[in-house]
Structure formats: structure tokens, C-alpha cells
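> generate a structure from the sequence data that follows.
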Amino acid sequence: MKLNRPAKYNSLFFTLLGCLLAVLFITDLTVGSVEVSLKDICDSFFGEATGASKILYRFRLPKACVAVFTGVSLSVAGLQMQTVFRNPLADPYVLGVSSGAGLGVALFIMGASSWAVMERLRDLGTYAAALGGSSLVLTLILLVSVRVKDVMSVLILGVMFGSGISAIISILQYFSPSSGVKTYVIWTMGSLGSVSSDKVLLMGCALLAGIMISVYSVKPLNALLLGENYAKSMGVNIRRSRNLIFLGTSILTGTATAFCGPIGFIGIAVPHLTRMLFRQADHRVLMPGTMLTGACIMLLCDILSQCVIKNTVLPINSVTALLGIPVIIFVIAGYNRKRRL
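Got it, this is the predicted structure:
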């Protein structure tokens, strides 16, 4: 595949992705168990309040915003991990941050089943537990990264952290009542509609911090494309840059997981789709391209999750898997073909 399209093509693709994002966002607002027309949307936003306004502002609009936030954050995190580890199958969860969030949620949900926890505090407690668990793993990863020079050792340790945490979660499930286990399993399926309207701003602010760190890391990411030795020759502080990238990725992944559960395949597939679309290796192009593509794909998944079976919302993880797996198979097949050549 030839890289580096002319700049005019990049502008064209950015424009098309922006238009597609707007179309999918509006379409997502109209899809659901209750029919909402474009006229209802226009009246709600620019005219008098209608019966559909409550549905839009309390449910549809927050869910669509969460879909955009999640698609952007997981896609950018996946792009960074694939570049840092120089592995096309690296994803946002490779550092074990998502597993840490899962452990926090497992401790809260399976413990809350035996506590008199009020329902209105359950969602807030779940978010806090997930952020606490992901922050703990992030701290461990940064401490290890300071002492370990080889990035592959960090990758292996991240996988080990994730495996160890998964073992602890399995033990918790074994000793927990069925109601707690069921609640936790449903959380692992992912959901974009579980974030209330008053929590969307909090989620957006947290993800904005991760995005700003990721954008700041564009130059080191470009230098790391040819390996750490090349990056050192370009004057890049490898350890500092690597820790900054890990911090941004962990904030993005941990926040998205805390609010929506672990959503798979977006972080692996979208960076590859963006590379195929723009035919670029420059992260100054890939970073915004990945954001737009990830937001579009996540909105499409949300739409499909509500349209496949009437009056039924499928788990978002099922839809992302069905869309992401073909992309990953294509990437693996292309990688093996290049190795044979």
C-alpha cells in the first residue's frame, strides 16, 4: 500500500468524515423504541419544546455524545499503543488498565450486593470504583516504566497485570451471589446508554485531558515509527515520551471503561481503517483522522445495535466485534502476505 496521499486528498477525506459524522449523529438521535423525526429534533433544538424534547435531552443526546467520546478515546488510545509497541494488534487494553477498572467494578458490584447501597448511588459508585481500579494499574505501569528500559518488557508486564487481575475477578465471581455476578457480566457487555445526562460533561472533561496529552505526543509518536534508537537520534527523551503516552492512553481507556464498560475491537480496528483511508503514517494526519473515524464507527455501532432487532438494544460489544473482526483478519492476512514477499 502506497503511503502519503497528496494533501488535497487529506482535506477531502476530513471533510467527508466530518459530514458523515454529522449524518450519523443525527440518525442516532432518531433511532430508538420511540420514533423521533427530524422535525422533532429541529423543534427541540431551535423551536418550542415538544413531547420528544425530554427523550432527546435525557436519553438520546447524552447517548450519542457518549458514543462520540468513546469512539474517539479508544481509537486514539489504540493508535498510540500500536505505534509505541510497533505491533498491529496492540489495543488500548494492552497495559491492563481496563482490567484494573474491571476489578474495581467487580469489588463494588459484588460487594454492594450484600450492602444496603441505594440505587441512586450505584452508578456513581461504579464509576468511582472503575476509575480507582484503572488509576491503581496506571500507577503501577508508570512505576515499572520508569525502571524498565525495554518497552516490550512493559508490554509483557501489562499483560501479566491483566491476567492476574482477571484471576482475582474470577475468584470474586466464584464466591459471589448470582445477582452480583449477573450485574457484573452485564457491565462487561458494554453500554452507551448507562451514562446519565449530568455525567456526560464529567466524562467529556476527563477524556479531553487524555486527548490533549495524546495530541502533545504526536511528534514523539512520529519519531517512534522507526524505533527507539531512531527517536533517540532525533533528540526525543524516550522514557519521558513513553510515560506521557502511557498516561494519555490510560486516561482515555480508564475513563471510557469506567463509564461504558470494556468495549472491544474499536481500538484495534479503527487505526488500521484510518491508515487504509488516508494512506499516511504521519500522526499529524492520523490522529485527527482516527478521532473522526472512531466517532463515526461508534455511532454506526450504536445505530446498528438498535436496528437489528426491533424494540431490542443489543450489547454494544457484540456489534463492535462483528464489525471489528473482519478488519483484524484483513490486517493479519496482509501482514502475513508481506512477510512471504
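
> need the single longest helix in the protein, by residues.
helix 119-147 (DSSP state H).

> nearest residue to residue 183 other than its sequence neighbours?
Take residue 183 and drop its neighbours on the chain: the residue closest to it by Cβ to Cβ, 6 or more residues apart in numbering is residue 109, 5.1 Å away. (C-beta placed from N, C-alpha, C; glycine too.)

> how about that neighbour, what does it touch?
126, 180, 183-184, 187 (Cβ atoms under 8 Å, 6 or more residues apart in numbering).

> what would those residues look like in CSV with neighbour count?
Formatted as CSV, the contacts of residue 109 follow (neighbours: other Cβ atoms under 10 Å):
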residue, neighbour count
126, 23
180, 20
183, 19
184, 23
187, 20
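
> and of those, the nearest to residue 82?
Using Cβ to Cβ, residue 187 comes nearest to residue 82 of the contacts of residue 109, at 26.8 Å.

> next up, the contacts around the closest one.
With contact taken as Cβ under 8 Å, 6+ apart, residue 187 is in contact with 105, 109, 126, 261.

> got these as JSON lines, with secondary structure columns?
Converted to JSON lines, the contacts of residue 187 look like this (DSSP: H, G, I helix; E, B strand; the rest coil):
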{"residue": "105", "secondary structure": "helix"}
{"residue": "109", "secondary structure": "helix"}
{"residue": "126", "secondary structure": "helix"}
{"residue": "261", "secondary structure": "coil"}
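
> okay, the residues you listed in CSV with pLDDT next?
CSV is the format used below for the contacts of residue 187 (pLDDT from 0 to 100):
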residue, pLDDT
105, 88
109, 82
126, 80
261, 89
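
> distance check, the most centrally placed residue in the chain against residue 103.
Most central in the chain under Cα atoms, centre = their mean is residue 74, positioned 2.3 Å from the mean C-alpha point. Between residue 74 and residue 103 the distance is 19 Å, computed by Cβ to Cβ, to the nearest Å.

> swap in residue 94?
For residue 94, the distance to residue 103 - Cβ to Cβ - is 17 Å.

> likewise residue 17?
For residue 17, the distance to residue 103 equals 36 Å [Cβ to Cβ].

> so which of these two has more stuff around it?
residue 103 (25 against 20; other Cβ atoms under 10 Å).

> contacting residues around residue 96?
137, 141, 158-162, 165.

> need these in JSON lines (columns: pLDDT, distance to residue 318 and secondary structure).
Below are these laid out as JSON lines (pLDDT from 0 to 100; distance: Cβ to Cβ, whole Å; DSSP: H, G, I helix; E, B strand; the rest coil):
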{"residue": "137", "pLDDT": "87", "distance to residue 318": "26", "secondary structure": "helix"}
{"residue": "141", "pLDDT": "83", "distance to residue 318": "29", "secondary structure": "helix"}
{"residue": "158", "pLDDT": "84", "distance to residue 318": "26", "secondary structure": "helix"}
{"residue": "159", "pLDDT": "85", "distance to residue 318": "25", "secondary structure": "helix"}
{"residue": "160", "pLDDT": "88", "distance to residue 318": "28", "secondary structure": "helix"}
{"residue": "161", "pLDDT": "87", "distance to residue 318": "27", "secondary structure": "helix"}
{"residue": "162", "pLDDT": "87", "distance to residue 318": "22", "secondary structure": "helix"}
{"residue": "165", "pLDDT": "91", "distance to residue 318": "23", "secondary structure": "helix"}
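
> out of these, which end up buried?
The neighbour count (16 or more other Cβ atoms under 10 Å) marks 137, 141, 158, 161-162, 165 as buried among these.

> just flag the most distant two among those.
Using Cβ to Cβ, the two most remote members of those are 141 and 165, lying 12.4 Å apart.

> circling back to that earlier point, which one of the buried ones among the contacts of residue 96 sits closest to residue 149?
Among the buried ones among the contacts of residue 96, and counting by Cβ to Cβ, the member closest to residue 149 is residue 141, at 14.7 Å.

> tell me the contacts of that closest one?
Per Cβ under 8 Å, 6+ apart, neighbours of residue 141: 95-97, 154, 157-158, 161, 246, 250.

> how about these, which pair is most distant?
157 and 250 (13.9 Å).

> who has more neighbours, these two?
A direct count of neighbours by other Cβ under 10 Å for residue 157 and residue 250 places residue 250 higher, at 26 against 17.

> so what pLDDT did the nearest residue to that one once chain neighbours are set aside get?
What sits nearest to residue 250 in space, not counting adjacent residues and going by Cβ to Cβ, 6+ apart, is residue 138, at 4.1 Å. Model confidence at residue 138, given as pLDDT, is 83.

> now swap in residue 47 and tell me
As predicted, residue 47 sits at a pLDDT of 68.

> what residues are up against the nearest residue to residue 308 once chain neighbours are set aside?
Of all residues not flanking residue 308 in the chain, residue 314 sits nearest, at 5.9 Å (Cβ to Cβ, 6+ apart). Going by Cβ under 8 Å, 6+ apart, residue 314 touches 304-306, 308.
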